[in-house]
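# Model the following, please.
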Amino acid sequence: MASVESIDENLLRFEGFTIDLQRRGLYRGVERIHLTPIPFNVLTFLVKKRGFVVSKQELLDAIWGERRDENTVEQTIRQIRLALSDEKEQHHFIRTIPGVGYSFVAEIEGDKVAQLERISAVGTRETSAGAPRSRPRALWVIGPMAIASVLAVSSLLLGILILRRITPGLTVANPVRITRSQAHILSPLLSDGAHIFYIRYENGKYSVAAVPAGGGESVVVVTGITNPELCDLAPDGETMLLRDLVHSRDEGEPLYVQPKTGPVQKVGDILAYDAAWYPDAKRIIYSADGVVYVTDIGGKSRKQLFSVPGNPFWFRWSPDGERLRFTVIDKTNESTSIWEVAADGKEPHRLFPDLHYHLCCGSWTPDGEYFLFQVRVENAFQIWAQRDRRSYLLSVRSQPFQLISGAMNYRGPLAIKNRKKLYVRAEAPRGEIERYDSKVDEFIPVLPSISARMLAYSQDTKWIAYTSLADNQLWRCRADGAECLQLTQNFKNTVMPRWSPNGRTIAFMGLGFTGKWGVYSISGNGGTGHLLSGGDEAKGYPDWSPDGQRLVFSDVPPVSEAQGIYVLDLRSNKAVMLPASAGYSFPRWSPDGRFLVALHSGDLHLHLFDFSTGKWRPLSAAPAAYPNWSHDGRYVYFRLDTSDSTAIFRVVVPTGAVEKVASLAAVDRGPFFMGDWIGLGPDDSPLAVRNSTIENIYAWDLSRK
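Next comes the predicted model:
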């Protein structure tokens, strides 16, 4: 390891910056730069290991000394780069080594090992230049056979060098917006060469649309089913493979074949999670419950090919038809990975195991030279690529490299024949929280300047806590949108915030980048979040008792089985299961503390638990979502948990009479997670999130170096 010595052993200097180990500060000249203790320790650790690659696990062990996920390291590196003004694509101080870790690469004053390396390199060049030349005839003393051996070994070494140092060789430039409408665009993108086909989502309904590959107006493609989802397009571009979304995109749904001309045909009684054509367009590959099958167009004959641990989707054949790549989503934590299998279904295996990100939705360039795919880095979606050329003599596979990234999210890459273009779906997620005004019978914005998924008011109505759609983190602001503070950093998602009765603490449901859903608490003034739930199953939907001494939460179906509802005593830190609560989730405590309302996981009907009797009883017979008590405890507000739900209702407690409160027909439901959320304002006016995400298809010039 390179030792770091400077004029003062307590000072580490590099390119205008100084780390003062004694005063524990980072300085630019004489100006002290704000850096909290953990990022300071990480920076010092990396500087002392200049030139070496330090893995995330090594940093976790050295700095934190406790169990944390790798996203903690990524967030800390971002803080350091911000302090060093090192946020460009080509990092000058701390380089990211994909799938491995980080390396500090800037030159350090007084690094004698680095100086010796430079002197040694110069000395080597001088010695080589000044050495006397050997006589040509000395070569022939070795003999022809030896020369042949040397050449063979040299060729082998050259081949290895090529494989190890193959350059990416693929670049993009000049992005051009292809679509012109504001309708919501969903993946996948598919093409017949002349048009780009995609899924459009509007007012709770799905449709298939097409736009010219060169850009222009989109048109709706007429299909024979009511709620179509585009799965694949036949190689000749003439026939679509569709699912009819009777329930949702996350369930097995009926499969259909839609010719360009002629009626739609149902593929037997198959319920598919996703599907794709075989290269010959005579067979169909589809998935159901983690198993991948092959069937004929009529769905009469079906054969199991292979199975994987999760739900496989986004099937893409290599141009030569020898390999199939697809994405697998882990049902327990919603992580995604890319897999590959041979055409005969043998040896399915995960690709890119060293990339510790969520990988999804890949496709080949038409010549099979590159594989393009979607990567989630922290809370941003990027497009990456890997050179993956196979030939009889030499196969070339480069390290994956970043191709497109920026302020927007980029998804679902598609490169098509006869066009040197890369098509990508770009989105800027945005949600506006709106309040129902009964006087004018419409929803009006609450905080137009904030893009939020959901929010919660403190009991004194002075503060709000919300989940930001920009970064999926938990934020706190005054009720008028002032004095905003980011509370969390290390989560893939944070939802369902609830203020404690005293207004000091926020309980929320959090999902780590490598973990599962859990119940956490954090101070409304910021600080460290604390995990409150335990066990192997996902937990969520927290709520406070009226006195603030207890917290109630549940399992998170369908991610985890609804084993019961848990009551955590915050004084003793002990949790007990509520009697006869198996099968219930999403508990909400009544304002007077007498009841709990919860959803039954089987039918999603509302049930009431009476603490005085210790018994449950039905409250309503409609499938409900997002139950909320009115502040006087007389009603429970909810929305119907159906794909066509367009209203907010309330049920009278204890009679069970159901009343319609507000229509949601004019509030566009978001395609993002929990985009159908509803809540209540301080005056019991219903709240909803309106989708205002900006989505478009862009085309980049695609070229080779």
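# residue closest to the middle of this structure?
Centroid-nearest residue in the chain: Arg376, 4.9 Å away (criterion: C-alpha atoms, centre = their mean).
# Got the phi and psi for that residue?
phi -100, psi 110 (degrees, to the nearest 10).
# ok now the strand or helix carrying Phe638, how far from the chain's centre?
Using DSSP states H and E, Phe638 maps to strand 635-640. Mean-position distance between strand 635-640 and its chain equals 30 Å (C-alpha atoms, centre = their mean, to the nearest Å).
# cool, stretch 447-467 as well?
23 Å.
# got it, and stretch 223-231?
26 Å.
# Contacts made by that stretch with the rest, please.
Residues from elsewhere that reach stretch 223-231, judged by C-beta atoms under 8 Å, 6 or more residues apart in numbering: 188, 190, 197-199, 205-208, 240-246, 249, 253, 255-256, 258, 263-264, 272, 274-276, 643. The C-beta positions use only the backbone N, C-alpha and C, and glycine is treated the same way.
# Got the domain ranges for this structure?
Per automatic domain parsing, the structural domains of the chain span 11-104, 170-428, 431-623.
# Show me what the strand holding Phe638 is packed up against.
Secondary-structure packing of strand 635-640 (3 or more C-beta pairs under 8 Å, 6 or more residues apart in numbering; DSSP states H and E): strand 624-629, strand 647-652, strand 678-680.
# Of the ones you listed, which is nearest Met454?
Nearest of the helices and strands packed on strand 635-640 to Met454, taken as C-beta to C-beta: strand 678-680 at 6.4 Å.
# Contacts for the closest one next, please.
The contact list for strand 678-680, computed with C-beta under 8 Å, 6+ apart, reads 454-456, 625-626, 628, 630-631, 637-639, 648, 686-688.
# State the pair within those residues that is farthest apart.
The largest separation in those, counting by C-beta to C-beta, is between Ala625 and His631 at 20.3 Å.
# which of these two has more neighbours?
More neighbours surround Ala625 than the other of Ala625 and His631, with 17 against 14 (other C-beta atoms under 10 Å).
# In terms of pLDDT, where does the residue nearest to the more buried one when sequence neighbours are not counted sit?
Nearest residue to Ala625 in three dimensions, chain neighbours excluded: Asp641, at 4.0 Å (C-beta to C-beta, 6 or more residues apart in numbering). Looking at Asp641, its pLDDT stands at 78.
# and what of Leu394?
Per the predicted model, pLDDT is 50 at Leu394.
# Gln90 now?
pLDDT, Gln90: 65.
# And Pro39, by the same measure?
84.
# follow-up on the earlier one: identify all contacting residues around the strand holding Phe638.
Taking C-beta under 8 Å, 6+ apart as the rule, strand 635-640 contacts 588, 597, 606, 619-620, 622-630, 645, 647-653, 661, 664, 676, 678, 680, 684, 686.
# Report the buried residues of the helix or strand containing Lys303.
Assigned by DSSP H and E, Lys303 falls within strand 302-307. In terms of neighbour count (16 or more other C-beta atoms under 10 Å), strand 302-307 has its buried residues at Arg302, Leu305, Phe306.
# Closest one of the residues you listed to Ile77?
Phe306 (38.0 Å).
# residues touching that closest one, list them.
With C-beta under 8 Å, 6+ apart as the criterion, the residues that contact Phe306 are Val291, Val292, Val341, Gly345, Lys346, Pro348.
# at 6 Å instead, please
Counting by C-beta atoms under 6 Å, 6 or more residues apart in numbering, Phe306 touches Val292, Val341, Gly345, Pro348.
# circling back to that earlier point, can you flag the buried ones in the contacts of stretch 223-231?
Applying 16+ other C-beta under 10 Å to the contacts of stretch 223-231 flags 188, 190, 197-199, 206-208, 240-245, 249, 253, 255-256, 258, 272, 274-276, 643 as buried.
# In helices, which of those residues appear?
Judged by DSSP state H, these include no members of helices.
# The residues you listed in strands, which ones?
Mapping the buried ones among the contacts of stretch 223-231 onto strands (DSSP state E) picks out 188, 190, 197-199, 206-208, 240-244, 253, 255-256, 258, 272, 274-276.
# where does Arg376 land on pLDDT?
Confidence score, pLDDT, at Arg376: 87.
# so it touches Cys360, yeah?
No. Assessed by C-beta atoms under 6 Å, Arg376 is found out of contact with Cys360, at 7.4 Å.
# which stretches of the stretch 101-250 of the chain have low pLDDT?
111-168, 181-183 (pLDDT under 70).
# how about 80 then?
110-169, 181-183, 203-204 (pLDDT under 80).
# shouldn't Gly237 be in contact with Asp192?
Yes. Using C-beta under 6 Å, Gly237 is in contact with Asp192, at 2.8 Å.
# what about the residue nearest to Gly16 when sequence neighbours are not counted, how many residues close to it?
Using C-beta to C-beta, 6+ apart and skipping residues adjacent in sequence, the residue nearest Gly16 is Arg28, 6.1 Å away. For Arg28, the neighbour count with other C-beta under 10 Å is 14.
# roughly how far apart are Arg28 and Gly540?
Arg28 sits at a distance of 44 Å from Gly540 (criterion: C-beta to C-beta, to the nearest Å).
# How about Ala470?
Taking C-beta to C-beta, one finds Ala470 at 22 Å from Gly540.
# Great, nothing more from me.
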